[in-house]
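Trainee: Here's a sequence, model it:
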Amino acid sequence: MTRLTISMPEQMTAYVEAQISEGRYGNVSEFFRDLVRRDQERRTAAIGELRSLLAKAEASGIGNRSMNELLSAARTEARQNGLLRDE
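Mentor: All right, here's what the predicted structure looks like:
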């Protein structure tokens with residue numbers, strides 16, 4: 001196993017120590033190993049979702065809308081989903 005040394009602000013150190021004292025983790029190493037595992041899982045899931053979206057897009061075939069029509073439709077959908085404000 002490899003040993004790592006990290007530096008953190010006091011506020012983060014206090015948070016990690018609180019997680020350990022509350023019994024969520026046995027020690028600092030367990031806390032950070034859990035963070036790394038969760039990050040790996042999150043990234044793996046994001047890559048899987050992206051691959052799924054790409055496969056779906058490829059399976060949908062070639063469209064006949066112009067770039068302007070596509071951008072307009074994307075902006076409309078983004079506004080409806082609250083992701084874009086009216087300009």
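
Trainee: quick one, phi psi at the most centrally placed residue in the chain?
Mentor: The centre of the chain sits closest to Arg42, judged by Cα atoms, centre = their mean, with a distance of 6.0 Å. Backbone dihedrals for Arg42, given as degrees, to the nearest 10, come out at phi -60, psi -40.

Trainee: pLDDT wise, what is it at?
Mentor: Reported pLDDT at Arg42 in the predicted model: 98.

Trainee: all helices of this protein, in order?
Mentor: Secondary structure of the chain (DSSP state H): helices at 10-21, 28-59, 67-80.

Trainee: picking that back up, contacts only, for the residue nearest to the centre of the chain.
Mentor: Going by Cβ atoms under 8 Å, 6 or more residues apart in numbering, Arg42 touches no other residue. Where you see a C-beta, it was placed from the backbone N, CA and C, and this is true even at glycine.

Trainee: With Ala14 instead?
Mentor: With Cβ under 8 Å, 6+ apart, Ala14 has no contacts at all.

Trainee: how close does it sit to Ile20?
Mentor: 11 Å (Cβ to Cβ, to the nearest Å).

Trainee: Check Asn81 too.
Mentor: Asn81 is 40 Å from Ile20, by Cβ to Cβ.
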